[in-house]
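J.: Everything below, folded, please.
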Amino acid sequence: MTTVALRGYSVVRAGRASFLLHRRSALAAVGLLLALTVTVVASLCLGESTVSPGEVVKVVLGQPSPDELVVGEFRLPRVVVGLLVGAALGLAGALVQTVARNPLASPDVVGVTWGATATVVGLMAYGVVGSTGQAPYAAVGGGLVAGLLVYALAWRRGLHAQRFVLIGIGISVALSSLTSVFLTKGDGFQAQAAKVWMTGSLNGSGYDQAGRLAWVLLAALPVALWAARAQRSISFDDATAVGLGLRLDRIRLGMALLGVVLASCAAGAAGPVDFVALMAPQIALRLARSAQVPLFCSALTGALVVVVADLIARRLLAPTELPVGVVTGMVGAPYLMWLLIRSRRGGS
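T.: Numbering: from 1, shown residues only. This next block holds a predicted model:
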């Protein structure tokens with residue numbers, strides 16, 4: 001393996017394969033991994049009973065420990081699901097924002113998350129889906145339909161970023177109203193269970209949810225690597241892309257589909273955890289200072305945001321636990337307003 005240094009980049013060659021490595025993105029990824037490690041350990045240590053970091057490490061490594069029940073059975077599955085949900089949302093947000101070329105675009109803003117929510121709530125409220133264990137499959141279907149609907153309505157001889165966001169917001173409002181109808185007209189007991197699911201919570205999360213989401217992320221990895229490479233071509237305008245022979249429409253559709261699937265699977269695993277997909281890519285972009293939204297850093301940032309938010313949700317009003325979606329919403333709503341004000345003033 002050889003490395004050739006360029007301005008801000010390194011060209012890494014391994015045999016016949018070669019790829020560009022943005023050095024600041026790599027440093028940001030290392031910093032995020034360290035911050036994520038510290039946060040995960042803190043989340044496993046803190047709770048109604050405090051566990052020492054040494055005992056946490058023993059449990060994670062599978063060694064005997066008196067805290068195996070507390071850490072291994074109660075806290076660790078919750079943290080793992082939080083990591084996977086955050087990574088999926090961060091990556092989904094980065095892909096959607098890249099396709100739309102707009103920092104305001106994210107699955108929860110442009111209707112994807114509300115499509116998943118409306119489908120799950122409707123099926124639960126009318127007794128078609130009896131438990132949240134079937135929610136992931138319904139969420140993926142609803143999110144895909146909503147995402148494809150937004151994409152189709154926004155398409156007019158190309159994908160215009162502003163139209164994509166505005167149509168997505170309109171679809172979100174319509175699906176939000178439809179969700180309210182389902183909650184009002186459906187069975188009262190089932191509707192109450194649907195309301196709990198809608199808050200976006202990691203409470204009671206287990207390895208079943210983690211396993212399904214892990215397989216989705218693993219299957220998405222080759223497509224994500226392709227998307228990272230395709231980001232450079234998608235930054236061109238349509239005329240330049242046609243002149244270079246690029247199939248820009250197929251690239252956008254592939255990236256958008258991957259983002260929709262990831263966001264829908266994350267919603268199915270933990271409910272709608274709002275604003276993570278909106279915030280994580282922009283935080284990662286500012287950390288990396290790269291030309292395109294860094295996909296890997298966005299996934300790490302999303303995981304960090306969810307784990308930190310869940311830790312705050314568990315300890316802020318202890319022993320009462322808040323849903324993680326409440327905490328992310330409290331932070332994400334002001335951030336969205338800040339983005340709107342900045343874009344109105346002409347900021348990037």
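J.: alpha carbons only for contacts and neighbour counts from here, please
T.: Will do.
J.: Residues touching stretch 301-316, excluding its own?
T.: By CA atoms under 8 Å, 6 or more residues apart in numbering, the surrounding residues in contact with stretch 301-316 are 32, 35-36, 39-40, 43, 47, 79, 82-91, 202, 276-277, 279-281, 283-284, 320-324, 327-328.
J.: I'd like to know how far Ala116 sits from Tyr207.
T.: 22 Å (CA to CA, to the nearest Å).
J.: ok, back up a step: can you list which of the contacts of stretch 301-316 are found in helices?
T.: The members of the contacts of stretch 301-316 that map onto helices under DSSP state H are 32, 35-36, 39-40, 43, 79, 82-91, 276-277, 279-281, 283-284, 324, 327-328.
J.: could you flag which of these are buried?
T.: Among these, those buried by neighbour count (16 or more other CA atoms under 10 Å) are 32, 36, 39-40, 43, 79, 82-91, 276-277, 279-281, 283-284, 324, 327-328.
J.: Let me know whether Ala280 touches Pro294 as I believe.
T.: No: using CA atoms under 8 Å, Ala280 is not in contact with Pro294, being 10.3 Å away.
J.: quick one: contacts for Ser176?
T.: Residues counted as contacts of Ser176 (CA under 8 Å, 6+ apart) are 114, 118.
J.: now do Val120
T.: 129, 135, 138-139, 142, 194.
J.: Kindly report the same for Ala277.
T.: 89-94, 106-108, 302.
J.: how close does it get to Ala100?
T.: On the measure of CA to CA, Ala277 and Ala100 end up 14 Å apart.
J.: re the thing from before, can you list residues touching both of Ala280 and Pro294?
T.: Common contact partners of Ala280 and Pro294 (CA under 8 Å, 6+ apart): Ala94.
J.: Report the contact partners of the nearest residue to Leu27 once chain neighbours are set aside.
T.: Leaving aside its chain neighbours, Leu27 sits nearest to Ala288 (7.9 Å; criterion: CA to CA, 6 or more residues apart in numbering). By CA under 8 Å, 6+ apart, the contact list for Ala288 reads 24-28, 294, 297.
J.: Please produce TSV containing those residues, extended by distance to Arg314.
T.: Shown next, in TSV, are the contacts of Ala288 (distance: CA to CA, whole Å):
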residue	distance to Arg314
Arg24	34
Ser25	32
Ala26	32
Leu27	31
Ala28	28
Pro294	30
Cys297	26
